[in-house]
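# Need the 3D shape of this:
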Amino acid sequence: MRDLLHKSGIGIGFALLSTAAVAAQLEDLQMFISLVAQGTFILFVIMVAGYVYFKKVRDKREAPLNKVFEGSDAIHCVAPDTLVTECVRTMTTEKIGALIVMDGERLVGIFTERDALNRVLAARLDLRSTKVSEVMTTDPYCVSPTTTVAAAMELITKRRFRHLPIVENGKVLALISSGDLTHWLVKDRMGEVQELVDLAAQS
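Next up, the predicted model:
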């Protein structure tokens, strides 16, 4: 009888241990499934955010350039006989990388940081006596305000310059840079993506 009770006790103990082990395993499995579901949702939100971001960027690339420079600051321009030292001072003060060179109402050139380095400093010219007309890039490539952002970026990339005058009927409307185009493309998009990522993180 004692052996029977002993064996029964052992059997019950094993049964209880098995139930506890199964319960622990089920709990671990549920936690794993929950983590996988959460990770899948976060990944899905990030993928959606990426899709929305790149789709909107692609759509913005088809916009005309007049959308980029509308409401922008005044064009910084100088006369052909302006001294280089004055040009450099203006570019530094205004924190810009180029100046339009105008002969009256006519665009005759553009003076950029690259011109200052390659044509003035590298050539050891005197900034105080050199006129901008002597070192500017003459007859710069220009585009119309209806040119798309994508076309402008392709042009800048292929021709390897950073600044592009926008001209209509002989009148200079704006001077945009590769940085302006990039900034305009990503403007407002990063905030939208961050909101979606934050939403996923809170889930």
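# For His163, give me its contacts.
His163 sits next to Gly97, Ala98, Ile110, Thr112, Pro140, Leu175, Ile176, Ser177, Ser178 when contact means Cβ atoms under 8 Å, 6 or more residues apart in numbering. C-beta coordinates here come from the backbone N, C-alpha and C atoms, glycine included.
# Backbone dihedrals for the residue nearest to Thr112 when sequence neighbours are not counted, please?
Distances taken as Cβ to Cβ, 6 or more residues apart in numbering place Ala98 nearest to Thr112, at 4.3 Å, with adjacent residues excluded. Backbone torsions of Ala98, given as degrees, to the nearest 10, read phi -160, psi 160.
# To what extent is Ser34 buried, counted in neighbours?
Summarising burial for Ser34: neighbours were counted as other Cβ atoms under 10 Å, giving 10.
# Which parts of the protein are strands?
Per DSSP state E, the chain has strands spanning 77-78, 98-103, 106-112, 137-138, 163-168, 171-177. These are given in chain order.
# shouldn't the residue nearest to Thr112 be in contact with Glu113?
Yes: A contact is recorded between Ala98 and Glu113 when judged using Cβ atoms under 8 Å, the distance being 7.1 Å.
# overlap in contacts of those two?
Shared contacts of Ala98 and Glu113, defined by Cβ under 8 Å, 6+ apart, are found at Met91.
# Who has more neighbours out of those two?
Ala98 (25 against 14).
# Now that we're looking at the more buried one, what pLDDT does it have?
Taken from the predicted model, the pLDDT recorded for Ala98 is 96.
# sorry, back to before: quick check, nearest of the contacts of His163 to Ser129?
The nearest member of those to Ser129, counting by Cβ to Cβ, is Thr112 at 20.3 Å.
# For the residue lying closest to Val68 once chain neighbours are set aside, give me its contacts.
Leaving aside its chain neighbours, Val68 sits nearest to Trp184 (4.9 Å; criterion: Cβ to Cβ, 6+ apart). In this structure, Trp184 makes contact with Lys60, Lys67, Val68, Val149, judged by Cβ under 8 Å, 6+ apart.
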